[in-house]
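Model the following, please.
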Amino acid sequence: MAESRKPAYKRILLKISGEALMGTETFGINPEVLSTVATEIADAANLGIQVAVVVGGGNIFRGVSARGMDRATGDYVGMLATVMNAVTLQEAIERRGVVTRVQSAIPMSQLAEPYIRRRAIRHLEKGRVVIFGAGTGNPFFTTDTAAALRAMEIGADVLLKATKVDGIYDKDPKKYPDAKRYQTVTFTDALRQDLEVMDATAFALCRDNEMRIIVFNMTNRGNIERVVCGDNVGTVVVKDTDTTRFAS
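Numbers count the residues shown, from 1 in each chain. Reported below is the predicted structural model:
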């Protein structure tokens, strides 16, 4: 049972891409994936972990790829898509008995609270899940950057990046069968090898503030709980004084 496990962290920031919510669909939200993600977030919160979430919007609209549209306008539309995902995820988590708040970097009072750092931290201290929507509220910044920024602002112990792959490899495992997965990798080595953990701005924020990152596969049921309980899941990006190792 989840209650018997001991969490390794007090407060986490979980970054979920919008594409991950699609599952096998080509657009929108897959109800089964939404249910699984909501259940796992609720399970983590029930362990006593303070859970904050940043969700992307690529399953609905990706501003950076909007052809013929001004970049800033496209990014703002993409921010609205993240709020749609945040409100949907909030409802799914609350159906599992965990009180959840959505805070938006763009004011929309009928749907979400405005982003206020101290209020977000207070919600977390009260055991509520907090979902941050609308990215940073500014165009030209990704939701990866929003995740890094919010993780720093709320004093998270770790930034968990949930993806569709089981960690970071030395080369593309889809193209190279001999690709090796890192168990840990330093920020410097990740930059030197261009491992594309996340976008450069987000990565620089984490590196400069020594924010540990764990990249893991969220499509494997139970992985979120395993990660927050300290199991060896995915790849950990660590400060440069630590050792880089391949997974066995």
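
now the helices: where do they sit in the chain?
Listed from the start of the chain, the chain has helices (DSSP state H) covering 18-22, 31-46, 71-94, 117-125, 143-154, 187-192, 200-208, 223-228.

Just confirm Ala190 contacts Ile168, I think it does.
Yes - when contacts are counted by Cβ atoms under 8 Å, Ala190 is listed as touching Ile168 (7.2 Å). All C-beta atoms are positioned from the backbone trio N, CA, C, and that covers glycine.

Output the helices of the chain as a markdown table; include the columns distance to Thr241, mean neighbour count and mean pLDDT.
Converted to a markdown table, these look like this (distance: least, Cβ to Cβ, whole Å; neighbours: other Cβ atoms under 10 Å; pLDDT from 0 to 100):
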| stretch | distance to Thr241 | mean neighbour count | mean pLDDT |
| --- | --- | --- | --- |
| helix 18-22 | 32 | 20 | 90 |
| helix 31-46 | 29 | 19 | 96 |
| helix 71-94 | 35 | 20 | 95 |
| helix 117-125 | 29 | 15 | 98 |
| helix 143-154 | 20 | 25 | 97 |
| helix 187-192 | 10 | 16 | 88 |
| helix 200-208 | 13 | 18 | 92 |
| helix 223-228 | 23 | 23 | 95 |
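
Any chance of TSV for these, columns distance to Ile214?
Formatted as TSV, the helices of the chain follow (distance: least, Cβ to Cβ, whole Å):
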stretch	distance to Ile214
helix 18-22	15
helix 31-46	13
helix 71-94	20
helix 117-125	19
helix 143-154	12
helix 187-192	13
helix 200-208	11
helix 223-228	6
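
which residues sit in contact with the closest residue to Thr201 other than its chain neighbours?
Closest residue to Thr201 apart from its sequence neighbours, by Cβ to Cβ, 6 or more residues apart in numbering: Thr145 at 4.8 Å. Residues near Thr145 by Cβ atoms under 8 Å, 6 or more residues apart in numbering: Gly135, Thr136, Asp199, Thr201, Ala202, Leu205.
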